[in-house]
Every structure is written in structure tokens, then in C-alpha cells.
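K.L.:
Provide a 3D model corresponding to the input given below.
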Amino acid sequence: MEKPDLPGPVAAYFAADRRTAIARWKDEASRRYGYVSEPLSCLGTAGGALVSVRLTGRFPGSPVVLRYSFEFAGTRIASLEIAP
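P.N.:
Model (predicted):
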């Protein structure tokens with residue numbers, strides 16, 4: 001499957017696994033649940049992006065597709081809502 005073309009702030013979010021406070025949060029969750037997230041699609045919105053992500057791991061209901069709703073402030077993420 002071809003990877004979606006993610007806006008800069010969204011690509012930075014998913015790349016942050018190894019270098020920020022997000023990394024520590026994701027590292028703990030990854031150890032506990034052994035999860036992997038895979039962006040499936042990306043739809044630009046006015047001021048943000050909706051990204052469908054397949055999350056697979058050691059948790060009830062795995063795998064699950066979640067909707068990440070990003071709102072941007074310039075080139076940064078202003079908010080993120082994750083929902084089924």
C-alpha cells in the first residue's frame with residue numbers, strides 16, 4: 001500500500017517517536033501494548049488534516065482504525081483529537 005502524502009506538521013508528529021516528549025509517551029505505550037501505527041490516508045481540511053491510522057498491537061480490539069484530527073497553527077500542530 002502506498003503511504004499517504006502527509007503535511008509537514010503531521011509527518012513531524014509521526015516521526016517524533018524518537019526525539020521529543022511525544023517519544024517518551026509513545027515509548028511507554030509501545031512497551032505496554034506493543035503497538036504500531038500506520039497512516040493510511042490523509043485529507044487536508046481548512047486549517048488542518050484528517051489522517052486515518054491503523055493501530056495494531058497487544059490491546060483489546062486490535063487492529064483498529066483511528067481518525068487523527070489535526071489542527072495547525074502555522075507550521076505547528078495546535079491540537080490533536082484521536083477518535084475511532
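
K.L.:
which non-adjacent residue is nearest residue 67?
P.N.:
Counting by C-beta to C-beta, 6 or more residues apart in numbering, residue 67 lies nearest to residue 83, which is 5.2 Å off, once chain neighbours are set aside. Where you see a C-beta, it was placed from the backbone N, CA and C, and this is true even at glycine.

K.L.:
pull the number of nearby residues for the one you found.
P.N.:
Residue neighbour count, defined by other C-beta atoms under 10 Å, stands at 7 for residue 83.

K.L.:
got the buried residues for the top helix by length along the chain?
P.N.:
Secondary structure assigned by DSSP state H gives helix 21-33 as the longest helix of the chain. Buried residues in helix 21-33, counted by 16 or more other C-beta atoms under 10 Å: 22, 26.

K.L.:
immediately after it, which helix or strand?
P.N.:
strand 36-45 (DSSP states H and E).

K.L.:
adjacent strands (with direction) for that following strand?
P.N.:
Sheet pairing of strand 36-45 (DSSP bridges) gives strand 48-56 (antiparallel).

K.L.:
that concludes my questions; thank you for your assistance.
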